[in-house]
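A.B. asks: got a predicted structure here, sequence first:
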Amino acid sequence: MKKNKILIAIIVILVLVVAVLALMNRDLLAGKQGLVDNPGIAVKAGGEEVAKVYLDEIRSLGEEEFPIVLRSSGKEPRDLILTGVPLKRVLQQVDPTLLDGKEQVTVRAIDGYTVAYSMDEVLDESHLFVVYLEGGEPLGSKNEGGSGPLMIVPRKDEFGQRWCKFAVEVEVN
């Protein structure tokens, strides 16, 4: 009987923790739907939003087309042709000193998925890309069954687990 009460208490605590974290995540991404409707990325530094960079500005920074193979567990590898701009260029467009003395960049998606990249990864212009086209076509939003309108792709990762689909926020830490 005592074990059942302890188990129930643990379950209740876990449910409360999940609920609180879900509310916090929802609040973090509140107001970001506009960055899906009008594709863009909110850039944060020191916990504060410092800029929003929209797709037209991102494209003007020198888009690159590149082949990549998407490998996912349980699925056949897919050859893709993606178009994007190095994340480093986007962040330096906001502020050329934004990355100075920082350790990592955290990317958040509209669905709450979060990926952290080291500063070495960010500074490598051939690795992290803000991608907006696949095979010359827009990625499409989550509601449209797509993977965008923007996603962050680490080109040198062998598998797609660190791809951040539906990206709406980049925080420099």
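C.D. replies: The structure has been received and is ready for your questions.

A.B. asks: can we go C-alpha only for contacts and neighbour counts from here?
C.D. replies: OK.

A.B. asks: residues near Glu64, how many?
C.D. replies: Applying other C-alpha atoms under 10 Å, we find 13 other residues in the vicinity of Glu64.

A.B. asks: how about Val153?
C.D. replies: Residue neighbour count, defined by other C-alpha under 10 Å, stands at 23 for Val153.

A.B. asks: ok, now Asp157?
C.D. replies: The number of residues packed around Asp157, counting by other C-alpha under 10 Å, is 15.

A.B. asks: so what does it look like in phi/psi?
C.D. replies: Main-chain dihedrals, Asp157, degrees, to the nearest 10: phi -80, psi 140.

A.B. asks: next, the contact list for it, please.
C.D. replies: When contacts are counted by C-alpha atoms under 8 Å, 6 or more residues apart in numbering, Asp157 touches no other residue.

A.B. asks: buried sites along whichever strand in the chain runs longest?
C.D. replies: Determined from DSSP state E, the single longest strand within the chain is strand 78-86. Neighbour counts using 16 or more other C-alpha atoms under 10 Å place Leu82, Thr83, Gly84, Val85, Pro86 of strand 78-86 among the buried residues.

A.B. asks: just stretch 52-61 next, same as before
C.D. replies: When burial is assessed from 16+ other C-alpha under 10 Å, stretch 52-61 yields the following buried residues: Lys52, Val53, Leu55, Ile58, Arg59.

A.B. asks: repeat for stretch 142-156
C.D. replies: Per 16+ other C-alpha under 10 Å, stretch 142-156 contains these buried residues: Ser147, Gly148, Pro149, Leu150, Met151, Ile152, Val153, Pro154, Arg155.

A.B. asks: contact partners for the closest residue to the last one other than its chain neighbours?
C.D. replies: Beyond its immediate neighbours in the sequence, the residue positioned closest to Arg155 (C-alpha to C-alpha, 6 or more residues apart in numbering) is His127, lying 4.9 Å away. His127 makes contact with Pro86, Glu121, Val153, Pro154, Arg155, Lys156 under the criterion C-alpha under 8 Å, 6+ apart.
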